[in-house]
Each structure stands twice: as structure tokens, then as C-alpha cells.
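*Asks:* This is a predicted model, with the sequence first.
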Amino acid sequence: MRISFLLVFALAACSLPGQQNFAPAPVAPDAASIAAAGAFAGRVPLVTIAPGTKDFTGPLAQAVAAARAIKPDVMFDVEVAAPDGASPAIGAKFLTYMSGTAEAVRDAIIADGVAPDHVLLTAATATPAPDILVLVK
């Protein structure tokens, strides 16, 4: 009987784990983070090109043709994405290194019949993977 009383007393003193145990004061997102997330609403990565890829023109042409078949006035954004966690200097070197390939991707999209004013060339930092993304909108 004494053990059961101690067990009941010990259990009564415990509380169930909840948010107060893991994040008692959660940090709310700032307005800049919300605006940045909203800027990508509706954008879908059409093609992802890994660093070092040389022969992307065939698959890229097929993807561009498929996107234009769905929406003839589609906008393309060729985005060089620097790796997450890299220092600013390393991110800048990566963006410089990949800019030639990104320009070749842009030129290939234009060669596939897309108007030059429908193809953007941009850069992003702190992305999950260091790739060249072709986004459509």
C-alpha cells in the first residue's frame, strides 16, 4: 500500500510533455520572411540541373515544350541556387562558378522558341541544394 501511495504521489507531481517543454516562447516569423515565402507562391521547379551537368539541352527542351503546351505565355526563371550553410564568400564563388551554366540554360530556353523577355536569370542563397533551378510561373 505504501508503494502505491508513493507512485500516485509521484505521478501527480509530473505533467505531460507539451509545447511548454520544447518551445515555451516560440519565435514568430518576421514580415520579411513572410513576404519572401509569398514571393514563391505558384512557382514550380520545372527542371533541376546539378553542378557539372553538361548535356541538359534535350531534357530541357522537352520540359520547355511541355510547359508551353500548358501555358503558351509561361515565364521561365533560371535560378542559380547557392548551398545552404556556406559562408558568403563560398556562396559568391559558387554563384560565379555556376553563372556560365545558368546563362547556357537561359540561351537554350530562348533557342527553344521562348521570347527573351520571358526568361529571367536570377540567383538565390541559402537553399537546400546547390543547383540550377528552372522555375515556371
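*Replies:* That came in fine, so what should we check first?

*Asks:* contacts and neighbour counts: CA atoms only from here.
*Replies:* Noted.

*Asks:* Now stretch 47-59: buried residues?
*Replies:* Judged by neighbour count using 16 or more other CA atoms under 10 Å, the buried positions of stretch 47-59 are 47-49.

*Asks:* Give me the subset of these lying in helices.
*Replies:* Counted as lying in helices by DSSP state H, out of the buried residues of stretch 47-59, is not a single one.

*Asks:* out of these, who's nearest residue 62?
*Replies:* residue 47 (10.3 Å; CA to CA).

*Asks:* which residues does the closest one bridge with?
*Replies:* residue 134 (DSSP bridges).

*Asks:* I figured it hits residue 131, correct?
*Replies:* No: in this structure residue 47 lies outside contact range of residue 131 using CA atoms under 8 Å: 10.0 Å.

*Asks:* Just the CA coordinates for the host helix or strand of residue 90, please, in CSV.
*Replies:* Element membership for residue 90 (DSSP states H and E) is helix 88-111. Output of helix 88-111 as CSV, limited to C-alpha atoms (Å, rounded to 0.1, in the frame of the first residue of the first chain):
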residue,chain,number,x,y,z
PRO,A,88,29.1,34.4,-48.0
ALA,A,89,32.5,34.1,-49.8
ILE,A,90,31.9,30.5,-50.7
GLY,A,91,28.3,31.3,-51.8
ALA,A,92,29.6,34.1,-54.1
LYS,A,93,32.3,31.8,-55.6
PHE,A,94,29.7,29.1,-56.3
LEU,A,95,27.3,31.6,-57.9
THR,A,96,30.1,32.9,-60.1
TYR,A,97,31.2,29.4,-61.0
MET,A,98,27.6,28.4,-62.0
SER,A,99,26.7,31.6,-63.8
GLY,A,100,28.1,30.4,-67.1
THR,A,101,26.0,27.2,-67.0
ALA,A,102,22.9,29.3,-66.0
GLU,A,103,23.5,31.5,-69.0
ALA,A,104,23.7,28.5,-71.2
VAL,A,105,20.4,27.2,-69.8
ARG,A,106,18.8,30.6,-70.4
ASP,A,107,20.2,30.6,-74.0
ALA,A,108,18.9,27.1,-74.6
ILE,A,109,15.4,28.1,-73.4
ILE,A,110,15.4,31.1,-75.8
ALA,A,111,16.7,28.8,-78.6
